[in-house]
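Asker: got a sequence here, can you build the structure:
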Amino acid sequence: MRIAELARRVGIAPSAVRWYEKAGVLPAAGREENGYRSYSDPDVARLRLVVSLRRLGLGPEDAGRLAHLCLERGAVDLDLAPLLAEQRAAIARQRADLDRLEVELLDLEDTIAAAGRARRTDPVPDPVPDPTPIRVLFLCTHNSARSQIAEALLGRYGGGDFHVQSAGTEQTRVNPYAVRALAELGIDWSGARSKALTEFVDQPWDYVITVCDRARQACPVFPGAVNSLHWGLDDPSDVEGTDDERLAAFRRTAAEVSVRLRPFVEIALRSAGRPPRSVTAG
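Answerer: Below is the predicted model of the structure:
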């Protein structure tokens, strides 16, 4: 077959075939009497494997070497095993990042929709912004980690524009790792306490945000809430290991909460007719 047919069967451009030949990844093609390159089915198999390996992140040299070993010798060079393991781990990280991004986008869409509902419930818009703080309640199971971190961070980011509380369906204590993670961000949370959901049931809230699935199941509809949102966050308290590993989990939770709070603060302020503020992670 000629180069155009090879390129079509592999799914790449003829120029890419010539590039792989020039790089030594694909053996030099034979020539017909008229000078045209000539390829065979083994060339198709080799190039398909090379292209697949390249899509996994391998460089041209490593992809060509692995393809040669698999097709010519029927064996895999043990030196490539760590490389393949690294690529598999990189793919897993990318998949996790994409999953996390999708969740964050869904959370943002829900927040925008909630703010829109809040605007539509007021038939006569008031040209003067309401000075009353926007009331936000964060809920999780134990009010120990995630909801405490969210309360602390929104208190910093939102300032006087927000009245923030957190509570749990089961009252326990504030996790010391949450206190340490917040201290690293310059927030003294040492005096915080775990609060029960029953303390806030009869109060009006502009936003009730559950940050764990169990809390969402326990109170899918919160009395007095204008808008209910759900931010599914992994529980950092579930992480076991060394002191550094456990603290790192709480740092990640604080970072994830910050990612969600930045757009939330701006959207909630705009919905209340107030100018948005610049929210930073510092």
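
Asker: for the rest of this, base every contact and every neighbour count on C-alpha atoms.
Answerer: Noted.

Asker: now the end-to-end length of stretch 181-199.
Answerer: Start-to-end span of stretch 181-199 (Cα to Cα, to the nearest Å) is 26 Å.

Asker: quick check: buried residues in that stretch?
Answerer: Applying a neighbour-count criterion of 16 or more other Cα atoms under 10 Å, one finds 181-182, 189, 193-197 buried in stretch 181-199.

Asker: do stretch 238-257 as well
Answerer: Buried residues in stretch 238-257 (16+ other Cα under 10 Å): 246-251, 253-254, 256-257.

Asker: show me where this protein has strands.
Answerer: Along the chain, counting by DSSP state E, strands occupy 30-31, 37-38, 134-140, 162-168, 205-210, 225-230.

Asker: and these as JSON lines, adding mean pLDDT, distance to residue 52 and mean neighbour count?
Answerer: Shown next, in JSON lines, are the strands of the chain (pLDDT from 0 to 100; distance: least, Cα to Cα, whole Å; neighbours: other Cα atoms under 10 Å):
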{"stretch": "strand 30-31", "mean pLDDT": "84", "distance to residue 52": "24", "mean neighbour count": "12"}
{"stretch": "strand 37-38", "mean pLDDT": "84", "distance to residue 52": "22", "mean neighbour count": "16"}
{"stretch": "strand 134-140", "mean pLDDT": "93", "distance to residue 52": "44", "mean neighbour count": "24"}
{"stretch": "strand 162-168", "mean pLDDT": "95", "distance to residue 52": "49", "mean neighbour count": "22"}
{"stretch": "strand 205-210", "mean pLDDT": "91", "distance to residue 52": "42", "mean neighbour count": "24"}
{"stretch": "strand 225-230", "mean pLDDT": "78", "distance to residue 52": "39", "mean neighbour count": "19"}
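
Asker: got JSON lines for those strands, with distance to residue 46 too?
Answerer: Shown next, in JSON lines, are the strands of the chain (distance: least, Cα to Cα, whole Å):
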{"stretch": "strand 30-31", "distance to residue 46": "15"}
{"stretch": "strand 37-38", "distance to residue 46": "15"}
{"stretch": "strand 134-140", "distance to residue 46": "54"}
{"stretch": "strand 162-168", "distance to residue 46": "59"}
{"stretch": "strand 205-210", "distance to residue 46": "52"}
{"stretch": "strand 225-230", "distance to residue 46": "49"}
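
Asker: among these, which is nearest residue 13?
Answerer: With Cα to Cα as the criterion, residue 13 lies closest to strand 37-38 of these, at 14.9 Å.

Asker: can you name every helix or strand that the closest one contacts?
Answerer: Here strand 37-38 touches strand 30-31, going by 3 or more Cα pairs under 8 Å, 6 or more residues apart in numbering; DSSP states H and E.

Asker: quick check: neighbours of the strand it packs on in the sheet, parallel or antiparallel?
Answerer: Counting by DSSP bridges, the strands paired with strand 30-31 are strand 37-38 (antiparallel).

Asker: how close does the residue lying closest to residue 2 once chain neighbours are set aside sit to residue 22?
Answerer: Nearest residue to residue 2 in three dimensions, chain neighbours excluded: residue 38, at 5.1 Å (Cα to Cα, 6 or more residues apart in numbering). As judged by Cα to Cα, residue 38 and residue 22 stand 15 Å apart.

Asker: could you list the domains of the protein?
Answerer: The chain breaks down by automatic domain parsing into domains covering 3-77, 100-271.

Asker: want to throw those domains into CSV with distance to residue 92?
Answerer: Putting those into CSV (distance: least, Cα to Cα, whole Å) gives the following:
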stretch, distance to residue 92
domain 3-77, 11
domain 100-271, 12
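
Asker: quickly, which of those domains bottoms out on average pLDDT?
Answerer: If you rank the domains of the chain by mean pLDDT, domain 3-77 sits at the bottom with a mean of 80.

Asker: right, and the residue nearest to residue 2 touches residue 5 too?
Answerer: No. Residue 38 is beyond contact range of residue 5, at 10.0 Å (criterion: Cα atoms under 8 Å).

Asker: pull the contacting residues for residue 27.
Answerer: residue 21 (Cα atoms under 8 Å, 6 or more residues apart in numbering).

Asker: go on, residue 47?
Answerer: Residues near residue 47 by Cα under 8 Å, 6+ apart: 10, 26.

Asker: from here on, count from 291
Answerer: Taking 291 as the first residue, the last one we looked at is residue 337.

Asker: distance of it relative to residue 537?
Answerer: 47 Å.
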